[in-house]
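Peer 1: I would like the atomic coordinates for the input below:
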Amino acid sequence: GSISGPQKTAGNDGVLASSKYDLTVPAGGSSTIRFFIAGATDRSKVISEMNSLKNNHQALLDKKTQHLQNVLGRSKITIPDQDLQKTFDWAKIQTDWLIGDVPSMGSGLYGTLPAFPWWFTVDGIHGLRGVLAQSNIDVAENHLRLLKKSTANSDQGGRIVQAAYASTLINEGDAYEVAIFIMGVDDVFHWSGDIGFVREMFPAVKDGIAWILSNDKDGDLVSEGQVAVEHEALSMEMIQTAVYTQQALAGAANMARKIGESNLAEDYKSKADQLKNHINTNYWVASEGRYAEMYGEASKWLEYFDEENGVWTSTDTGGRTRIAALSDDAREGLSDHGGGLELPEDSTNDIDSLRSQLEAGISDLDKESAWPQLFTALGNIPLEAGLATPEMAASSLEHSRKLDDCCYGYEAQGSLAVGECRYGYMDQCLNYIK
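Peer 2: This is a model prediction of the structure:
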């Protein structure tokens, strides 16, 4: 064969090369050609690695094959739907592909490959629930250890990183990440019963709860300002943060009880119960029959009212514009677009309705009280956690089934699937999974 290159690519950001080979394939027969690729910072190491691959490739392939057979055999389901069963098997293999082991940091699930070989708290811990269902306890525990170790670089005790890469802390994280980290530790404990792991992680759990509550300025147990980055323009109390904080408190109470911290367990349980009541009282909009996604001081809303265009908007980090939708009546004429809500050009009456309701609400609440806003599929997260009554769940899910944007993003779709399952609507759950 012949090889050309290497040469720099445009912009000098990479290197390219090509190779050409003549291969004769007999009629009705087959021929085999193998390619070996190795890389290192030192030429002698590259040559050594290449020679090792050439001499041991069959043994290495046999080892990898056995490893994947072990992965497939670790947990099994047998169901009539063969496509779904195959999906479960492939999920086990693909999860194994995402495990990254960096000697200086540890082992954990990457967010995605090849685009984001980073460790994320939210993405990773959502993924750990699948890992635990595969009976892969070690992977789950190691991922949580890695997040805890990455957080050691933060100068704010109790925070859990939003993302880390190798030894680099990408984002220190917010209340959302802290709460879901604590949920992850409790999830592992439920599956493993490993009390030693709980004792190891509990100092971070306690620090995390303390940090979340330190950002609660009005005493309702929901952190202000430090929320999911998708709404960084608003300093509102997001339902995701509220629900996951409630779940973190409940999980922390469970773990505290198991390790003999009875007073702490009672304190956490009391706060979890209080927050559940707050969510079902203040985020639930009875006239709508569903939960609102945001909750904040009414006086803040006019700050985001666009006088020139006559609409109230917020723009998330993906550039999507959302309109405050206060009721079904106010939403008449609104059209769905790109996962949010936008007003048609001829919707002057709707704009007036939005503003009048906004101002009336502020007047009625003396410009100080909290006021729920904005309905999306993420409002079903209380159902994912089992906080809603059966009647509330039925109403909320029915609304989401009617929305064209109900499955905007994997988090909303996954939350809906879990909510449908938890409240007994298995056919609807399966629809979201498929």
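
Peer 1: check contacts around the closest residue to N254 other than its chain neighbours.
Peer 2: Once flanking residues are discounted, N254 sits nearest to D186: 6.0 Å by CB to CB, 6 or more residues apart in numbering. Every C-beta, even on glycine, is put in place using the N, C-alpha and C of the backbone. With contact set as CB atoms under 8 Å, 6 or more residues apart in numbering, D186 has these partners: A248, G251, A252, N254, M255.

Peer 1: can you give me the buried ones in the helix or strand containing the first one?
Peer 2: By that I understand A248. Per DSSP states H and E, A248 falls inside helix 239-258. Neighbour counts over helix 239-258 (16 or more other CB atoms under 10 Å) mark 239-256 as buried.

Peer 1: ditto for stretch 77-95
Peer 2: F88, K92, T95.

Peer 1: check stretch 385-399 too.
Peer 2: A385, L387, A388, M392, A393, S395, S396, L397, H399.

Peer 1: neighbouring contacts of it?
Peer 2: 243-244, 246-247, 276, 279-280, 284, 288-291, 375, 379-380, 382-383, 416, 419-420, 422-423, 425, 428.

Peer 1: right, and the helix or strand after the longest helix along the chain?
Peer 2: Looking across the chain with DSSP state H, the single longest helix is helix 43-74. Note on helix 43-74: by DSSP H and E, the next helix or strand toward the C-terminus is helix 82-97.

Peer 1: helix or strand right after that following helix?
Peer 2: The element immediately downstream of helix 82-97 (helix or strand, assigned by DSSP H and E) is strand 99-102.

Peer 1: that following strand pairs with which strands, parallel or anti?
Peer 2: Applying DSSP bridges to the sheet, strand 99-102 is found paired with strand 106-112 (antiparallel).

Peer 1: how distant is the partner strand from the center of its chain?
Peer 2: Distance of strand 106-112 from its chain centroid, counting by CA atoms, centre = their mean, to the nearest Å, is 14 Å.

Peer 1: same check, this time on stretch 271-281
Peer 2: For stretch 271-281, the distance to the chain centre is 23 Å (CA atoms, centre = their mean).

Peer 1: buried residues in it, which are they?
Peer 2: Buried, per 16+ other CB under 10 Å, within stretch 271-281: K271, A272, L275, K276, H278, I279.

Peer 1: ok, the fourth one touching Q246?
Peer 2: Translated: K276. Yes - between K276 and Q246 a contact is recorded at 5.5 Å, counting by CB atoms under 8 Å.

Peer 1: quick check: closest non-adjacent residue to Q246.
Peer 2: Distances taken as CB to CB, 6+ apart put L275 closest to Q246, at 4.2 Å, once the chain neighbours are dropped.

Peer 1: now name the helix or strand holding the one you found.
Peer 2: Using DSSP H and E, L275 falls in helix 262-278.

Peer 1: low-confidence ranges in this structure?
Peer 2: In the predicted model of the chain, residues 1-5, 10-13, 152-156, 166-170, 224-236, 295-377, 403-411 satisfy pLDDT under 70.

Peer 1: all the strands of the stretch 101-250 of the chain, in order from the start?
Peer 2: Residue ranges of the strands in the stretch 101-250 of the chain, as given by DSSP state E, counting those that start in this stretch, are 106-112, 116-120, 163-165, 168-171, 237-238.

Peer 1: partner strands of the last one, parallel or antiparallel?
Peer 2: Partners of strand 237-238 in the sheet, by DSSP bridges, are strand 294-297 (antiparallel).

Peer 1: can you count the residues close to S18?
Peer 2: 10 (other CB atoms under 10 Å).

Peer 1: where's A417 relative to K434, distance?
Peer 2: According to CB to CB, to the nearest Å, A417 stands 10 Å off from K434.

Peer 1: what about the two, which has more around it?
Peer 2: Counted by other CB under 10 Å, A417 and K434 do not tie: A417 has more neighbours, with 21 against 10.

Peer 1: look up how far Q94 lies from the more buried one.
Peer 2: A417 is 18 Å from Q94, by CB to CB.

Peer 1: before we move on, what about L275?
Peer 2: Counting by CB to CB, the gap from L275 to Q94 is 35 Å.

Peer 1: just Y21 next, same as before
Peer 2: 32 Å.

Peer 1: same check, this time on I77
Peer 2: With CB to CB as the criterion, I77 and Q94 are 16 Å apart.

Peer 1: please apply the same query to I209.
Peer 2: 34 Å.

Peer 1: and for G127?
Peer 2: Counting by CB to CB - G127 and Q94 are separated by 10 Å.

Peer 1: repeat for G184
Peer 2: For G184, the distance to Q94 - CB to CB - is 20 Å.

Peer 1: K271 too?
Peer 2: The value you get for K271 to Q94, if CB to CB is used, is 38 Å.
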